[in-house]
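Enquirer: Dropping the sequence and predicted coords here.
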Amino acid sequence: MTHGLPDSQSKDRHVGDTKKKIYEYLIEGATSGLSDEALYTYIVGRVSKANSKRIARAGFLALSDPTLTDRNVLNTIYALAIKHRLADSSAEEAEETAEERPRKPKASGAKASNSKAASLPLPDKKPKKS
């Protein structure tokens, strides 16, 4: 049984060919009993442009398909979509952290504080009016 894109998706916005292919193979693989790494390998083996972000998006698109009613297939797709969504966001966070790391200060006579707390200047005290 072939599943098309959900009606709301096909009418409201354009879905790219790559996402459409991933969507179809995702449903096909999950329906045939594949899950997790086997399903991921199945999709990547058939769609060369497949990556975690595209698989996650196609998975969430598949979850909105009203014709897809098999609980096991939906659970499999959900698990794969969440796994790849989290993998994608973890990779982005790692990149951001690497970019934000401060450079080591040059060796100077004074030793830097080991405190992890933020160092903010104290506001100037204004005399109280009486």
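Expert: Structure received.
Enquirer: Helix or strand with the lowest mean pLDDT in this protein?
Expert: The helix or strand of the chain with the poorest confidence is helix 7-12; it has a mean of 45 (mean pLDDT, DSSP states H and E).
Enquirer: what's the next secondary structure element after it?
Expert: helix 17-31 (DSSP states H and E).
Enquirer: Pull out the buried residues from that next one.
Expert: Within helix 17-31, the residues that count as buried by 16 or more other CB atoms under 10 Å are 19-31. (C-beta placed from N, C-alpha, C; glycine too.)
Enquirer: pLDDT and distance to Pro66 added to those residues, as CSV?
Expert: CSV is the format used below for the buried residues of helix 17-31 (pLDDT from 0 to 100; distance: CB to CB, whole Å):
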residue, pLDDT, distance to Pro66
Lys19, 90, 18
Lys20, 92, 17
Lys21, 94, 21
Ile22, 94, 19
Tyr23, 94, 14
Glu24, 94, 16
Tyr25, 95, 20
Leu26, 94, 16
Ile27, 95, 13
Glu28, 95, 18
Gly29, 95, 20
Ala30, 94, 16
Thr31, 94, 16
